[in-house]
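**Student:** After the sequence you'll find the predicted model.
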Amino acid sequence: MKFTIDPRSATPPFEQLRAQVRDAVAGGALVAGSKLPTVRALAGELGLAVNTVARAYRELEADGIIETRGRAGSFVAAHGDPTERQAQDAAREFVARTRRLGLTDDAALAVVQAALRA
């Protein structure tokens, strides 16, 4: 997921970042368990102060959108019912396995579509 900051916007940079992460989670571009970049890495990538990204992450965590797991980093928090969480876990495992097998995303999707039709 690529985030961008518009320096000409009247919206503060931390709020732009917070809204982009929130929208990506709501829209499914970031699913539960997705690892977010470190605060320092994202600040460097976006040309922001570390404290600006840290503030966005703190607010996202307070809203229950992300969770910080100490030195392991920040991740999209689990949302929804247990069935949805299990499906998300299964999807992540499937993606990891198909990548290890060298399948392209299109080939992996074809496998899923065939399984759904079966």
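**Tutor:** In hand now; what should we look at? Residues are numbered from 1 along each chain as shown.
**Student:** Could you name the helices and strands sitting against the longest helix along the chain?
**Tutor:** Across the chain, the longest stretch assigned as helix under DSSP state H is helix 82-101. If you count contacts as 3 or more CB pairs under 8 Å, 6 or more residues apart in numbering; DSSP states H and E, helix 82-101 packs onto helix 105-117. Where C-beta positions appear, they are placed from N, C-alpha and C, glycine not excepted.
**Student:** and the helix it packs on, which residues are buried?
**Tutor:** Buried positions in helix 105-117, judged by neighbour count with 16 or more other CB atoms under 10 Å: residue 108.
**Student:** How about stretch 64-71?
**Tutor:** 65-66, 68.
**Student:** Could you tell me which of those belong to strands?
**Tutor:** Counting by DSSP state E, the part of these found in strands is 66, 68.
**Student:** ok, residues contacting the longest helix of the chain?
**Tutor:** 31-33, 78-79, 107-108, 111-112 (CB atoms under 8 Å, 6 or more residues apart in numbering).
**Student:** Kindly recompute the last result at 6 Å.
**Tutor:** Here helix 82-101 makes contact (CB atoms under 6 Å, 6 or more residues apart in numbering) with 31-33, 78, 108.
**Student:** what is the mean pLDDT for stretch 43-60?
**Tutor:** Averaged over stretch 43-60, pLDDT sits at 97.
**Student:** So residue 4: helix, strand or coil?
**Tutor:** At residue 4 the chain is in coil, as set by DSSP: H, G, I helix; E, B strand; the rest coil.
**Student:** so what's the backbone phi/psi at it?
**Tutor:** phi -140, psi 150 (degrees, to the nearest 10).
**Student:** Count the neighbours of it for me.
**Tutor:** 9 (other CB atoms under 10 Å).
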